[in-house]
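1. Okay, sequence plus prediction incoming.
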Amino acid sequence: MKKLLIMCGAGHATSTVVRTKIESWLSNEGLADKVTIKQSSIGDEEQNIAENKYDIVVSTTQVSDSIVDQVINGVSLLTGIGANVVFDQIKKKIEE
């Protein structure tokens, strides 16, 4: 079971929108049983990400340079432009 973190600046608004889209996509792809999802804010999770406590991290906010390589930029899930790229990145991480 993979641990997926979805985060935004405060852990409420945009991460909720992204979580809904990811949960729907996971269900449609038959992958919902392969991940557990946590929703939070960047301020609460930056250290946990640095310590590799999550297998997949999707963010709608800027992240520090120290963790940028561990984070999938989820802004396209808000705009709809390039959303498939994000879903492909998530799927790849699930299958690793």
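-> Great, that's in hand. Numbering: from 1, shown residues only.
2. When you work out contacts or count neighbours from here on, use the C-alpha atoms and nothing else.
-> Noted.
3. Which parts of the helix or strand of the chain with the lowest mean pLDDT count as buried, going by neighbours?
-> The least trusted helix or strand in the chain, going by mean pLDDT, DSSP states H and E, turns out to be helix 42-50, with a mean of 93. By 16 or more other CA atoms under 10 Å, the buried positions in helix 42-50 come out as 42, 45, 49.
4. got it, and stretch 89-96?
-> So, applying 16+ other CA under 10 Å, buried residues of stretch 89-96: 90, 94.
5. try stretch 72-90
-> 72-77, 83, 86-87, 90.
6. Same question for stretch 45-64.
-> 45, 49, 54-61, 63.
7. That stretch: how far from the chain's middle?
-> In this view, stretch 45-64 has its centroid 9 Å away from the chain centroid, taken as CA atoms, centre = their mean, to the nearest Å.
8. neighbouring contacts of that stretch?
-> Contacts to stretch 45-64, defined as CA atoms under 8 Å, 6 or more residues apart in numbering, come from residues 2-9, 14-15, 42, 66-67, 70-75, 90, 93-94.
9. and the end-to-end length of that stretch?
-> In stretch 45-64, first residue to last residue: 12 Å (CA to CA, to the nearest Å).
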